[in-house]
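[1] requesting a structural model of the entry that follows:
(chains A, B and C)
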Amino acid sequence: MRGGKMSNIFLIARITFKECIRNRALYGIFLLGLLLFTANIIITAMFSWELGKVAVDVGLSVVSFSGLIIIFFLSINALSNDLDRKTIYMILSRPINRSQYILGKYTGLGLIILLSSAILGICAALSFKLATAGHEAFIPMHFSWPVFFLALTYLSLSLLVLLAISFLWVSITTHPFTAVLLSMLSYFIGQNVENVKNMIIKNQMFEDNVLLIKVTDFISWVFPNLAAFDLKTTAAYGLPVNASYLFAVAAYGLSYIGICLILTMMIFQRRELA
Amino acid sequence: MTRRNVFSVILALCFFVTFFVVCNQAIREIRSGLSSSYQLNASALPPGLFKLFAGEFKGLLADYLVLEVGSVIGIKKKIPQEEYAKSAAALARSLVLDPYFQQTYLYAQAIVAMEGEMPEKAMPLLDISREQRFWDWRPAYYMGFDYYYFLGDYARASEMFFEAAKVKHAPPALAILGGRFAKKGGRIEAAIGLLQSMLGDPGLEEKHRAQLSDRLVALKGVLLLENSIQEYRSQYDSFPPSLETLIDKGLLREMPPNPYEDRFYYEEKDGQVFFDNVR
Amino acid sequence: MRAIQFDNIWKDFKIGMKRTTVLHGLSLDINSGEIFGFLGPNGAGKSTAIKLLLNFIKPTRGTITLEELIVGQDPFQHLIGYSAETPCFYENLTGRETLLFAGKASGMGRGAVQERAEDVLRRLDLLAAGSWPIKTYSKGMKQRLGLAVALVHEPRIYVLDEPMSGLDPLGRRLITDVIFELREKGKTVFFSSHILSDVERLCDRIGVLNKGELLYCGEVDVFSRNAATFEDAFINLIEGHERGKNV
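    Got it, this is the predicted structure:
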């Protein structure tokens, strides 16, 4: 039987990608991105200090925001629609096993996110150039393009981590709406878990509350520390980057994705597709 | 799933979990060196814009910002100076979102002014609170304190205390403080009174208590010495040549303690006593 | 040889707190090369049986085998072509893209699948529509595409869930012709329907299901021997069963 494991995954990735990219909603998101970039130029024009920093920050925030919208409203739907509308029957009645299906879907949807980050990232870079044109003096001293694109990469990685978690939620819940809510919650927790943990663990006020500390620590391990992927300030100011830190974060992200996908595959193996 | 598949899945899972644990630990170590500060996405935005994006969640965000400040400063170890500046900025943002919040100005006073020793950054924050919380005498009171304690500006301090006194149900002592600070003479008593009231203030953190107590002790010493000097003057029609003279002449039992230095400083020409040599 | 065998299949569903048994000890054999019709009123359990066959759900008890391969243990999908009751596709893809995916996923090479896709599209009167996105398709077109997807890799066994539903008479004729052609080629066709006339015309053997119980399994002519029409035989059987249950 031709068509080994990998090619099956790529087949599914391809149709997932094609299906998603032809979705009109995607154009809306790109349009939103472009609008926000124009707004960036207006925003930075509004004040005369910290231009460069703001332009970078707004630009990268727009990329992140668009990625989030894609995850919450397109990607999760793409997966749960398969299950709801039984499109998945057409796929699983072929010699494709459920794990290949999950990996293929993830690859396809992940590529959409990477594509969106790339396109909007370039727009962000352009809007930065436009916004700071004529005011080059206000660009932070050590700003550099490599660090900007590094921030963009890690931003994309954190979106991929969130995508992996949302896959896990879809495999556990019955309703796509619940999956969206849980993914949003995961995002929120992931962004703030570090801050909250510091607030609680290091604050003298909570020293005696052992239960609270243990629960917070547990949550900070289970949920991904999305704040670690946030290099916006580094990019905005051109701060020095620590190579071992970056490596650790990348490996952390990839292993978290691996764990989520494996768990998803395991849960999905047992799921009844009635 | 066949047995071989199950085995390879578990193997893959173990592989990923190991990586995950190791890297997470490394990341935590690296990041604990940084302060837990301001990874908020919008941190580079000016306060006005921040308000725009906060929408209906202004209040929440304001609370969150203040908590963040508290979390940075709640750490027991030494905090680099720029964290205080960042705290001031965060509190400023918080005030834009919610100028009525009490915790914000309490932190402005405790953290930015007292601990960070940046009263000039705390002043604008306190001023906003003073204006918006028209029912609250404390912001103006803190401003008055900062003017006296840090900036040595008695005139402004007096103004502030009068402002504070105007608020309904403000303690009557505030007006007295204002009056005292306005006059050249009687400032030491005023300062002592102020410090005593500050020491009784519920918003005062334990770690600042010692600072203020020291100042109080020093001021009491100065007051005692200056009163003794006035005694001497009324007796001998001139200022004493040195502080020890007061003890010799039996006007003073022993030198009052100076927590800052081992002696008090004395200007014979106008009979003024100082607890430090800064003038 | 037996193409498909259901061996004492029981299936329970848990809805809320209640546990309902949808299939009671279903045992069924489908021989190679025959057209087998699976009949029953709505809610009898036909779709459930087919989903069990496809390993979409797992039986509470019993096993299903496809040409000696055990469903749930051995990979069996390469043997079958499946068409769902209401076929659902990725709406933004074209018919041709979907077919190419189906063929490649079943192991066909690129050249072979492209040629075969054209043949199938032509046979099912979808040649022009092949380049249009599926969201423009009518119900009938989707139904035909569902069959196309089952045909493209030329498997030995065809499992069709209500292949004629929603089709106009022309469409129904087309499908019946295709099914006859499959039998000519020696393929096995297992399909479920509640359109009795189609079943009577097409099938060699039938199985009648009601409320999860198999009431009859055997030749079509034998079935309608004791009644005026096929339809009468069917209704008598069902009503008899219902009465028996109510006693």
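[2] which bits of the stretch 151-274 of chain A sit near chain B?
    A:191, A:194-195, A:198-199, A:202-205, A:221, A:225, A:227-228, A:230, A:232-233, A:236, A:242, A:244-245, A:248-249, A:251-252, A:254-256, A:258-259, A:262-263, A:265-266, A:269 (C-beta under 8 Å from any C-beta of the partner chain). C-beta here means a position set from N, CA and C on the backbone, and glycine is covered the same way.
[3] and these, which are buried?
    For those, a burial check counting by 16 or more other C-beta atoms under 10 Å in any protein chain shown picks out A:191, A:194-195, A:198-199, A:202-203, A:221, A:225, A:227-228, A:230, A:232-233, A:236, A:245, A:248-249, A:251-252, A:254-256, A:258-259, A:262-263, A:265-266, A:269.
[4] which residues sit against stretch B:135-145?
    Here stretch B:135-145 makes contact (C-beta atoms under 8 Å, 6 or more residues apart in numbering or on different chains) with B:102, B:105-106, B:108-109, B:113, B:123, B:126-127, B:129-130, B:133, B:156-161, B:163-165, B:167-171, B:174, B:177-178, B:181, B:194, B:198, B:203.
[5] likewise for stretch A:246-259?
    Contacts of stretch A:246-259 (C-beta under 8 Å, 6+ apart): A:150, A:154, A:157-158, A:160-161, A:164, A:224-225, A:228-229, B:12-13, B:15-20, B:22-24, B:26-27, B:30.
[6] show the pLDDT at the closest residue to chain C within the stretch 151-279 of chain B.
    In the stretch 151-279 of chain B, no residue comes nearer to chain C than residue B:202, which is 55.4 Å away by C-beta to the nearest C-beta. Turning to residue B:202, the model gives it a pLDDT of 74.
[7] surely it is in a helix?
    No - Residue B:202 is assigned coil when assessed by DSSP: H, G, I helix; E, B strand; the rest coil, not a helix.
[8] how near is it to residue B:102?
    According to C-beta to C-beta, to the nearest Å, residue B:202 and residue B:102 sit 11 Å apart.
[9] repeat for residue B:109
    On the measure of C-beta to C-beta, residue B:109 and residue B:102 end up 11 Å apart.
[10] which of those two has more neighbours?
    Between residue B:109 and residue B:102, counted using other C-beta atoms under 10 Å in any protein chain shown, the more crowded position is residue B:109 (28 against 14).
[11] and what about the residue lying closest to that one once chain neighbours are set aside, helix, strand or coil?
    The shortest distance from residue B:109 to any non-neighbouring residue, by C-beta to C-beta, 6 or more residues apart in numbering or on different chains, is to residue B:142 (4.5 Å). Following three-state DSSP, the label given to residue B:142 is helix.
[12] ok, residue B:142 - how many residues close by?
    Counted with other C-beta under 10 Å, residues neighbouring residue B:142 total 29.
[13] how about residue B:235?
    Neighbours of residue B:235 (other C-beta under 10 Å): 11.
[14] list the contacts of it.
    Residue B:235 sits in contact with B:249, B:251, where contact means C-beta under 8 Å, 6+ apart.
[15] next one, pLDDT for it please.
    If you check residue B:235, the pLDDT there is 86.
[16] my read: residue A:101 touches residue A:12, true?
    Yes - the criterion here is C-beta atoms under 8 Å, and residue A:101 meets it with residue A:12 at 6.0 Å.
[17] so what sits against both of those two?
    Counting by C-beta under 8 Å, 6+ apart, the contacts common to residue A:101 and residue A:12 are residue A:91.
[18] out of the buried ones among the residues of the stretch 151-274 of chain A next to chain B, list just those in helices.
    Members of these lying in helices (criterion: DSSP state H): A:191, A:194-195, A:198-199, A:202, A:221, A:232-233, A:236, A:245, A:248-249, A:251-252, A:254-256, A:258-259, A:262-263, A:265-266, A:269.
[19] please consider this matter closed, and thank you.
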